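In: Got a sequence here, can you model it:
(chains A, B, C and D)
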2 protein chains.
Amino acid sequence: MGLRDLKKQQTRTAIADTALRLFMKRGFDHVTVAEVAEAAGVSEKTVFNYFHSKEDLFFDEVDEREAALVAAIRDRRPEESILVALRRSQLAGCGRMCSAGFAGFARLIEESQALRAKELEVMARFSATLADTLQDELGCTDLDARVAASLIVGVHWQFFVIARQRALAGRHGPAATRRLRADLARAYELLESGLGDLGSRKLGADLQPA
Amino acid sequence: MGLRDLKKQQTRTAIADTALRLFMKRGFDHVTVAEVAEAAGVSEKTVFNYFHSKEDLFFDEVDEREAALVAAIRDRRPEESILVALRRSQLAGCGRMCSAGFAGFARLIEESQALRAKELEVMARFSATLADTLQDELGCTDLDARVAASLIVGVHWQFFVIARQRALAGRHGPAATRRLRADLARAYELLESGLGDLGSRKLGADLQPA
DNA sequence: CGAAGAACTTACAGCAACTGCATCATTACC
DNA sequence: GGTAATGATGCAGTTGCTGTAAGTTCTTCG
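Out: Numbers count the residues shown, from 1 in each chain, chains lettered A, B, ... in the order given. Alright, predicted model coming up:
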């Protein structure tokens, strides 16, 4: 890697770090791209040369997360099912989502309409990638793959929202982690066994009373 | 209703109709709000007085759709399960999504990043509303309600995407409708019975080979 | 080594979505 | 018919984002 690429990488991380620092201090919506550029000692245009949009300044690890998702499936243990592998991968992230520092991220996203909208776009992208991976891995129909991917990503997203809201409510630490893990297990249970004949009785086949 | 409210309604529909006509002709992204305002014989500011954003000019029936979703559950037939009621409600819309005119809508959404992003926001809103309705109707836990809602909305969205893509591929008419209905039934099957131990065998428990 | 050329940055002008404010026209109410 | 509420308008301004042309830095190759 030449000097040019090195400087590029430095510039990129400098911009992203500066942006995150400003966002954390004053909220995503109350920071302009021009301010980020100035604080990073770079022109506004350069920011947009590196990042497709202002939101991408925040969600700049999406590619890696996406790769991790695919890897969790592809590199799953022998005889381990895809759902189990995904659950294990998710469980590993529970600790981070229940750390004290996570509340800052949570607040940032929860307070910004723009970030929440962008998050949904990321989820849609994950869903498409996951569908491709599932079809490739299982050889099932396109429909099945897409529906399955949609179900899985839907659970992941909902779960992420719940984790954020709990972090905002100040629930962190080991007890919160245990609770989150238990809820994740429950969510995967529903994913695996389905909603049953939802509502045919007072409760759906597998739903727990409050 | 007084004269003032009547004129308001007229203005609103005039703006929305004009906007849709222009969007259909030239695509969502290539029409400015100023053009819509001028074509509707109204100031640009007035457009924003009626519609919160440019995208809302297109998705202006969301409230009604949301109400219909809740109504489909609340007013379901006695002894009919929620999933069956929702499936029935969805099946009723298959015909429209397989009509020749639907391709125009499909193209409009598919060609615009902004509209696809907005669509996701709408889905997220549906998910929240559906979760509330489910919890109210079934008395289950908050987690179960939200996960179930996420699963259901995920399927609906994915299904809508598929319908759009088929419309764009020129597949309409009775045959396409039958196919879409069959696929919807299949999607609800997965929703009801779950993904099984996905991937533990060559195929997931319930997934069909291609 | 030095010049050609590629790649990156910058300033600048500009577009379009969207907002706040003061003002004007219309409607509702008495 | 006069007054108060309400909606429409014009206008200036903010912000995200883009195109272009010019300048600067790095690479590469003769």
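In: A:Val33 contacts A:Lys45, doesn't it?
Out: No. Counting by C-beta atoms under 8 Å, A:Val33 stays clear of A:Lys45, with 9.9 Å between them. (Glycine included, C-beta is placed from N, CA and C.)
In: With neighbour numbers in mind, choose between these two.
Out: Ranked by neighbour count (other C-beta atoms under 10 Å in any protein chain shown), A:Val33 and A:Lys45 place A:Val33 first, with 16 against 9.
In: Please identify which helix or strand holds A:Asp136.
Out: helix A:113-138 (DSSP states H and E).
In: That helix - contacts with which helices or strands?
Out: Helices and strands touching helix A:113-138, by 3 or more C-beta pairs under 8 Å, 6 or more residues apart in numbering or on different chains; DSSP states H and E, are helix A:54-58, helix A:62-74, helix A:82-97, helix A:102-110, helix A:142-168, helix B:113-138.
In: Need those helices in JSON lines (columns: distance to DNA strand D and mean pLDDT).
Out: Shown next, in JSON lines, are the helices and strands packed on helix A:113-138 (distance: least, C-beta to the nearest atom of the strand, whole Å; pLDDT from 0 to 100):
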{"stretch": "helix A:54-58", "distance to DNA strand D": "3", "mean pLDDT": "98"}
{"stretch": "helix A:62-74", "distance to DNA strand D": "15", "mean pLDDT": "96"}
{"stretch": "helix A:82-97", "distance to DNA strand D": "27", "mean pLDDT": "94"}
{"stretch": "helix A:102-110", "distance to DNA strand D": "14", "mean pLDDT": "96"}
{"stretch": "helix A:142-168", "distance to DNA strand D": "22", "mean pLDDT": "96"}
{"stretch": "helix B:113-138", "distance to DNA strand D": "10", "mean pLDDT": "97"}
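In: Can you say which of these is packed in most?
Out: Across those, averaging neighbours per residue (mean count of other C-beta atoms under 10 Å in any protein chain shown) puts helix A:142-168 on top, at a mean of 22.
In: what helices or strands is it leaning on?
Out: For helix A:142-168, the packing partners by 3+ C-beta pairs under 8 Å, 6+ apart come out as helix A:82-97, helix A:102-110, helix A:113-138, helix A:174-193, helix B:142-168, helix B:174-193.
In: Which among those is found nearest to A:Arg12?
Out: Shortest distance between A:Arg12 and the helices and strands packed on helix A:142-168, using C-beta to C-beta, is found for helix A:113-138: 18.6 Å.
In: How far off centre is stretch A:57-76?
Out: 9 Å (C-alpha atoms, centre = their mean, to the nearest Å).
In: Equivalent analysis for stretch A:170-187, please.
Out: With C-alpha atoms, centre = their mean, you get 17 Å for stretch A:170-187.
In: Would you mind pulling the contact partners of that stretch?
Out: A:87, A:90-91, A:94-95, A:97-100, A:102-103, A:155, A:158-159, A:162-163, A:166, A:208, B:143-144, B:147 (C-beta atoms under 8 Å, 6 or more residues apart in numbering or on different chains).
In: From what I see, A:Ala40 and A:Gln10 are in contact.
Out: No. Look at A:Ala40 against A:Gln10 with C-beta under 8 Å: they stay out of range, at 10.9 Å.
In: neighbour count winner among those two?
Out: The residue with more neighbours, out of A:Ala40 and A:Gln10, is A:Ala40; 19 against 10, by other C-beta under 10 Å.
In: Phi, psi for the more buried one please.
Out: phi -90, psi 0 (degrees, to the nearest 10).
In: what sits against it?
Out: A:14-15, A:18-19, A:47.
In: The same query, at a cut-off of 6 Å, please.
Out: Residues near A:Ala40 by C-beta atoms under 6 Å, 6 or more residues apart in numbering or on different chains: A:14-15, A:18.
In: do the same with A:Thr18
Out: A:36, A:39-40.
In: can you put these in CSV and add pLDDT?
Out: What follows is the contacts of A:Thr18, written out as CSV (pLDDT from 0 to 100):
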residue, pLDDT
A:Val36, 98
A:Ala39, 97
A:Ala40, 97
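In: of all the residues you listed, which comes closest to B:Glu189?
Out: Nearest to B:Glu189 among these is A:Val36, at 48.8 Å by C-beta to C-beta.
In: So which residues on chain A come close to DNA strand C?
Out: A:4-5, A:7-8, A:11, A:41-46, A:49-50 (C-beta under 7 Å from any atom of the strand).
In: can you tell me which two in those residues are farthest apart?
Out: With C-beta to C-beta as the measure, no two of the residues of chain A next to DNA strand C lie farther apart than A:Asp5 and A:Glu44, at 22.9 Å.
In: So these two - more neighbours on which side?
Out: A:Glu44 (14 against 9).
In: you'd agree that one is up against A:Ala34?
Out: Yes. Using C-beta atoms under 6 Å, A:Glu44 is in contact with A:Ala34, at 5.2 Å.
In: which residues are in contact with both of these two?
Out: Joint contacts of A:Glu44 and A:Ala34 (C-beta under 6 Å, 6+ apart) do not exist.
In: A:Thr133 versus A:Phe59, what's the distance?
Out: 21 Å (C-beta to C-beta, to the nearest Å).
In: let me redo that: A:Cys98
Out: Taking C-beta to C-beta as the measure, A:Cys98 and A:Thr133 are separated by 28 Å.
In: what does A:Cys140 give?
Out: 12 Å.
In: Likewise for A:Gln113?
Out: According to C-beta to C-beta, A:Gln113 stands 31 Å off from A:Thr133.
In: So what's the residue count around A:Ala16?
Out: Neighbours of A:Ala16 using other C-beta under 10 Å come to 20.
In: Which secondary structure element is home to it?
Out: In the assignment (DSSP H and E), A:Ala16 maps to helix A:3-26.
In: That helix and DNA strand D, are they touching?
Out: Yes. Applying C-beta under 7 Å from any atom of the strand, one finds helix A:3-26 touching DNA strand D at A:3-5, A:7.
In: the inter-axis angle of that helix versus helix A:102-110?
Out: With axes from the mean of the first three to the mean of the last three C-alpha atoms, to 10 degrees applied, the angle from helix A:3-26 to helix A:102-110 works out at 90 degrees.
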